[in-house]
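S.K.: Below are the sequence and a predicted model for it; my questions follow.
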2 protein chains.
Amino acid sequence: MEGHLLAANQDNSIDGIIVYYPVFNNGQDQYLQQIMDVSKDVEGLSHRYIFNMYQNIRFLDNQKLQKSILPCTPLAIIKILEYLRVYNAILPYGNRLFGHSITIVNRSEVVGRPLAALLANDGACVYSVDVTGVQQFTRGEGIKKSRHEVVEKEGWSLKDCVPFSDVVISGVPGESFKFPTDLLREGAVCINFSTEKVGSLSSTAFQIIALNCGLLRRTSVQMLRKRPRYMCLQ
Amino acid sequence: MEGHLLAANQDNSIDGIIVYYPVFNNGQDQYLQQIMDVSKDVEGLSHRYIFNMYQNIRFLDNQKLQKSILPCTPLAIIKILEYLRVYNAILPYGNRLFGHSITIVNRSEVVGRPLAALLANDGACVYSVDVTGVQQFTRGEGIKKSRHEVVEKEGWSLKDCVPFSDVVISGVPGESFKFPTDLLREGAVCINFSTEKVGSLSSTAFQIIALNCGLLRRTSVQMLRKRPRYMCLQ
């Protein structure tokens, strides 16, 4: 696997590489992610892309010609929020979520935490919820900071943030978790990115878009627009 | 005055009439408002227009060709909210404020109360505040009702509704009232329609549009588009 990746890095006929993780489902997967050539990393799993995302650095170059690659599921959710006009195009680029309170139920490294960072970097006040509690991601008062900061909200739970959130994003796998829909405020935009149905959430929320994670993998092909070939390993 | 109005009603060379109230500043002004021919009432002060506004009836005819006239200051504020994308064009016409909480500090018959009714008819949850307390204007759960209903919020004050309002509209004349800007949530859209400056509100709120009531009178000329002449009394 390592040899295939290194060879693909060198092969000029290959423009992009996607690895369907988990391969080994341990630290070796992180190793594989980092040996991939950054310029061929379609999924944005290289450290440089992840660093840029958390630091709110949007381009790879000073001329701002090459966009930094974002992970596909968070990016797809952003595209949905843009379509739904939650992003307000009258505000300056980079601040277009200012004024929105967003609850995200999931803080995985693949979706929940990067999504919270991206939405906070765009100006939102984000409440990131998992079984350990609630964290607030914001760019501070008046979104004056250039990137988000994280504050632990001691003792908080869903009932402290969902009622005043105008966007609620949930992605909890398994049948045991049921979203408490009685906490939702009128007119809240609700998105479920779990591949499993959310049961009661889909029956009462105003706008539900069930996302299929397979479809989302199509979103990060930005770098392939100029380079029409790619290689698929695993 | 009465004679002038009745004559203007009959005069085919006159297409619209504006009276600068107050004339007598008593019940006689209401009398004058009602004797004006509805088809020439530029300001929408005839009972039929006011009834339609509160009842959420938007057209004069079943074919929906003739729009019912709205009062100019509330309409100007609606146009500003449309421009600022608070009205979400992805939602069906008539429901485009769904999900928004709006506080209006003023419940005059000229601006505050009609504005609260109009915004609630468009789907918002509106908190109408004056010295007597807070009233909530909504179309009920899931905006299922065809027009707004009003509920008295016993014991409520600004601190109970401003912190979770994403739009705050204030129009309190006089220097003595200062809006408590510390209650505003981050990113709230703030509009002052008083002709007087609001002091502290304008220095801290994110988006302030100072409206000049004189300018607003230009907004209700819809009926004059086809009829280019009008007569001005008083």
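M.R.: Here it is on my side, so go on.
S.K.: Break down chain A into its strands, ranges please.
M.R.: With DSSP state E as the criterion, chain A has strands at A:17-19, A:101-105, A:125-130, A:133-138, A:149-153, A:167-170, A:189-192, A:207-210, A:231-233.
S.K.: Identify whichever of these lies nearest to chain B.
M.R.: Taking C-beta to the nearest C-beta, strand A:125-130 is the member of the strands of chain A nearest to chain B, at 6.4 Å. C-beta here means a position set from N, CA and C on the backbone, and glycine is covered the same way.
S.K.: Give the buried residues for that closest one.
M.R.: A:Cys125, A:Val126, A:Tyr127, A:Ser128, A:Val129 (16 or more other C-beta atoms under 10 Å in any protein chain shown).
S.K.: now swap in stretch A:28-47 and tell me
M.R.: Those would be A:Leu32, A:Gln33, A:Met36, A:Lys40, A:Asp41, A:Val42, A:Glu43, A:Gly44, A:Leu45, A:Ser46, for stretch A:28-47 by 16+ other C-beta under 10 Å.
S.K.: Mind putting those into TSV with distance to chain B and pLDDT?
M.R.: Shown next, in TSV, are these (distance: C-beta to the nearest C-beta, whole Å; pLDDT from 0 to 100):
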residue	distance to chain B	pLDDT
A:Leu32	41	91
A:Gln33	36	90
A:Met36	38	92
A:Lys40	37	90
A:Asp41	34	90
A:Val42	30	86
A:Glu43	30	85
A:Gly44	28	88
A:Leu45	33	89
A:Ser46	33	91
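S.K.: My guess is A:Val111 contacts A:Thr73. True?
M.R.: Yes: in this structure A:Val111 lies within contact range of A:Thr73 using C-beta atoms under 8 Å: 4.7 Å.
S.K.: Name the nearest residue to A:Gly123, sequence neighbours excluded.
M.R.: Closest residue to A:Gly123 apart from its sequence neighbours, by C-beta to C-beta, 6 or more residues apart in numbering or on different chains: A:Phe98 at 3.7 Å.
S.K.: before we move on, what about A:Gln55?
M.R.: Going by C-beta to C-beta, 6+ apart, A:Gln55 has A:Arg147 as its nearest residue, at 5.6 Å.
S.K.: same check, this time on A:Ser165
M.R.: That would be A:Thr103: by C-beta to C-beta, 6+ apart, it lies 4.2 Å from A:Ser165.
S.K.: try A:Leu45
M.R.: A:Leu45 sits nearest to A:Gln33 (C-beta to C-beta, 6+ apart), 4.3 Å away.
S.K.: From A:Arg48, how far out is the one you found?
M.R.: 11 Å (C-beta to C-beta, to the nearest Å).
S.K.: Can you work out which residues contact both of A:Val111 and A:Thr73?
M.R.: The contact sets of A:Val111 and A:Thr73 overlap at A:Phe193 (C-beta atoms under 8 Å, 6 or more residues apart in numbering or on different chains).
S.K.: Enumerate the residues of chain A near chain B.
M.R.: With the criterion set to C-beta under 8 Å from any C-beta of the partner chain, chain A comes near chain B through A:83-85, A:88-90, A:98-100, A:123, A:125, A:141-143, A:164, A:166, A:185-189, A:206.
S.K.: Tell me which residues touch the spatially most central residue of chain A, please.
M.R.: By C-alpha atoms, centre = their mean, the mean C-alpha position of chain A lies nearest to A:Pro74, the distance being 2.2 Å. Residues in contact with A:Pro74 (C-beta under 8 Å, 6+ apart) are A:Val111, A:Pro114, A:Leu115, A:Leu118.
S.K.: Mind doing that once more with 10 Å?
M.R.: Listed by C-beta atoms under 10 Å, 6 or more residues apart in numbering or on different chains, the contact partners of A:Pro74 are A:44, A:53, A:104, A:110-119, A:169, A:193, A:216, A:219.
S.K.: Tell me how chain A divides into domains.
M.R.: Listed by automatic domain parsing, the domain ranges of chain A are A:2-70, A:73-203.
S.K.: Quick check: end-to-end length of stretch A:101-110?
M.R.: 22 Å (C-alpha to C-alpha, to the nearest Å).
S.K.: swap in stretch A:83-94?
M.R.: Span of stretch A:83-94 from end to end, C-alpha to C-alpha: 16 Å.
S.K.: what's the answer for stretch A:51-65, then?
M.R.: OK, stretch A:51-65 end separation, C-alpha to C-alpha: 18 Å.
S.K.: for the record, mean pLDDT for that stretch?
M.R.: The average pLDDT within stretch A:51-65 is 93.
S.K.: what's in contact with it?
M.R.: By C-beta under 10 Å, 6+ apart, stretch A:51-65 touches A:38-39, A:44, A:46, A:48-49, A:66-71, A:74-75, A:93-94, A:113-114, A:117-118, A:120-122, A:139, A:145-148.
S.K.: Now with 8 Å, please.
M.R.: Under C-beta under 8 Å, 6+ apart, the answer for stretch A:51-65 is A:44, A:48, A:66-68, A:70-71, A:94, A:114, A:117-118, A:121, A:146-148.
S.K.: Identify the farthest-apart pair in these.
M.R.: Longest distance between any two of those is 22.8 Å, between A:Gln66 and A:His148; criterion C-beta to C-beta.
S.K.: the more surrounded of these two?
M.R.: A:His148 (25 against 12; other C-beta atoms under 10 Å in any protein chain shown).
S.K.: Ignoring the adjacent residues along the chain, who's closest to that one?
M.R.: Nearest to A:His148 is A:Ala120, by C-beta to C-beta, 6+ apart, at 3.6 Å.
S.K.: check contacts around that neighbour.
M.R.: Counting by C-beta under 8 Å, 6+ apart, A:Ala120 has contacts A:Val126, A:Phe137, A:Thr138, A:Arg139, A:His148.
S.K.: give me the low-pLDDT residue ranges for chain A?
M.R.: A:195-234 (pLDDT under 70).
S.K.: longest helix in chain A, by residue count?
M.R.: Using DSSP state H to assign secondary structure, the helix with the most residues in chain A is helix A:72-83.
S.K.: And it, what's buried?
M.R.: A:Cys72, A:Thr73, A:Pro74, A:Leu75, A:Ala76, A:Ile77, A:Ile78, A:Ile80, A:Leu81.
S.K.: Around the closest residue in space to the third one that isn't next to it in sequence, count how many other residues there are.
M.R.: So the one you mean is A:Pro74. Residue nearest to A:Pro74 in three dimensions, not counting chain neighbours: A:Leu115, with 4.0 Å by C-beta to C-beta, 6+ apart. Neighbours of A:Leu115 under the rule other C-beta under 10 Å: 29.
S.K.: Repeat that for A:Asn52.
M.R.: 19.
S.K.: so how far is A:Lys145 from it?
M.R.: 16 Å.
S.K.: So which of the contacts of stretch A:51-65 is the closest to B:Asp15?
M.R.: Checking the contacts of stretch A:51-65 one by one against B:Asp15 (C-beta to C-beta), the nearest turns out to be A:Gly94, at 49.1 Å.
S.K.: show me what contacts the closest residue to the closest one other than its chain neighbours?
M.R.: Leaving aside its chain neighbours, A:Gly94 sits nearest to A:Asp122 (6.5 Å; criterion: C-beta to C-beta, 6+ apart). Shown in contact with A:Asp122 (C-beta under 8 Å, 6+ apart): A:Ile78, A:Tyr87, A:Gly94, A:Asn95, A:Arg96, A:Leu97.
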